[in-house]
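> Got a predicted structure plus its sequence, pasted below:
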Amino acid sequence: MSLKVIGIGEVLWDLLPAGPQLGGAPANFAYHARALGAQAGVVTRVGRDALGQDIQRRLAAMRLPADLVQVDEAAPTGTVTVELTGEGVPNFTIHEDVAWDHLQLTDASLAAAHAADALCFGSLAQRAEPSRGTIQQLLRQSPPVALRIFDINLRQHFHSRRVIETSLQLANVLKLNDGELPVLATLFELMGNSQMQVAALAQRFDLRLVALTLGPQGSLLYQGGRWSKCGTQPVQVADTVVPATLSQPPWRWACCAKWIWMRSTSRRTKWHGRFAPAPEQHLRCLIPFENSSPDPEPMRPPQSLILKHELQDTDRAIADLPIS
């Protein structure tokens, strides 16, 4: 089975001291979904400039649909300036009024949303209209059984209670990190420890699954009153700007692929995929386009993505998710 998934939102260039790197969480999701054999695409918008043309070239090399990438005649392609302090700590400036702030509803994006098994979106691309309305409308047009994954991805001041609350109402899966949970706890007056707060969010917004990443402590899954915890594999960080997650499959895609597969086949068979949650670096995941195969074998990760750690607790938790 070939799953149909889309990432919706920003694609951008991180302007690093060593040179530009392509980034954007929705594009990262679509890239890894495609690498694992899904029919994947990214609904985004670039400028009619050299940076936008390079993005289009790279997405085309990965066989991600060109008709989902819009071109803005006026706004520039999105960029983030990265500057290092004297101690080597990166400071990010996410530039505003860029092409993906002007995302429009198109026939192609609506058709992709109607057919999607899973959609991944965040808060950053909803910082302004018309993108905010476009993203929310695409989510409303998706099938009732589709996974709508809110990878909240809070960045600087580009979020509000209204955007977060509406997004949680539209989503049925939430992914957040241990730095973002306190923000939600304050917004929604959630009491108790982190597990109580996660459970309260799931109940309040009728979420099927909540994934909380805990940095080097691993991650937690919560579904229907059940918890699963798994640790991480040690990773030697060679660069504090480029995250060490590139050699690991994205947690959210591995999780949703398994869920959809079981639902579509009406099976609860144990799945022995060896995927580990990426350690949360609180940085944007960068997309390793240049070293990627344009036509990978369906539903099998590259050898570089296979880890020895088999997450059986996570496996059991996902195996019990409802098939509907």
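Structure's in. What do you need? Residues are numbered from 1 along each chain as shown.
> The residue of the chain most remote from its centre and D14, how far apart?
When distances to the mean C-alpha position of the chain are computed (CA atoms, centre = their mean), the maximum falls on G86, with 31.2 Å. Spatial separation of G86 from D14 under the definition CB to CB, to the nearest Å is 20 Å. C-beta: built from backbone N, CA, C; applies to glycine.
> now do H157
Distance of H157 to D14, given as CB to CB: 19 Å.
> ok, these two, which is more surrounded?
Neighbour totals were compared for H157 and D14, and D14 leads with 23 against 8 (other CB atoms under 10 Å).
> tell me the SS of that one?
Taking DSSP: H, G, I helix; E, B strand; the rest coil as the rule, one finds D14 in the strand state.
> for the chain, what helix or strand is lowest in average pLDDT?
Ranked by mean pLDDT, DSSP states H and E, the helix or strand of the chain with the weakest confidence is helix 312-319, at a mean of 37.
> so where's the stretch 201-324 of the chain uncertain?
In the predicted model of the stretch 201-324 of the chain, residues 232-324 satisfy pLDDT under 70.
> 90 instead?
Segments of the stretch 201-324 of the chain classed as low confidence (criterion: pLDDT under 90) are 213-220, 224, 228-324.
> For this protein, which segments count as strands?
Read by DSSP state E, the chain holds these strands, from start to end of the chain: 4-8, 12-16, 19-23, 39-47, 69-72, 79-84, 90-94, 118-121, 147-151, 173-177, 209-213, 219-223, 226-230.
> Looking at those, spot the one closest to Q136.
Between Q136 and the strands of the chain, the shortest separation by CB to CB is 8.9 Å, and it involves strand 118-121.
> How far does the closest one sit from its chain's centre?
Averaging C-alpha positions (CA atoms, centre = their mean, to the nearest Å) puts strand 118-121 7 Å from its chain's average.
> Can I get it in PDB, CA atoms only?
Included here for strand 118-121 are C-alpha records, laid out as PDB according to Å, rounded to 0.1, in the frame of the first residue of the first chain:
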ATOM      1  CA  ALA A 118      -2.100  12.000   6.900                       C
ATOM      2  CA  LEU A 119      -1.400  15.700   7.000                       C
ATOM      3  CA  CYS A 120       1.300  17.400   9.000                       C
ATOM      4  CA  PHE A 121       1.200  21.100   9.900                       C
END
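> strand partners of it, parallel vs antiparallel please.
Strand pairing for strand 118-121, using DSSP bridges, gives strand 4-8 (parallel), strand 147-151 (parallel).
> Spatially nearest residue to N91, not counting backbone neighbours?
Among residues not flanking N91 along the chain, E83 sits closest, at 5.0 Å (CB to CB, 6 or more residues apart in numbering).
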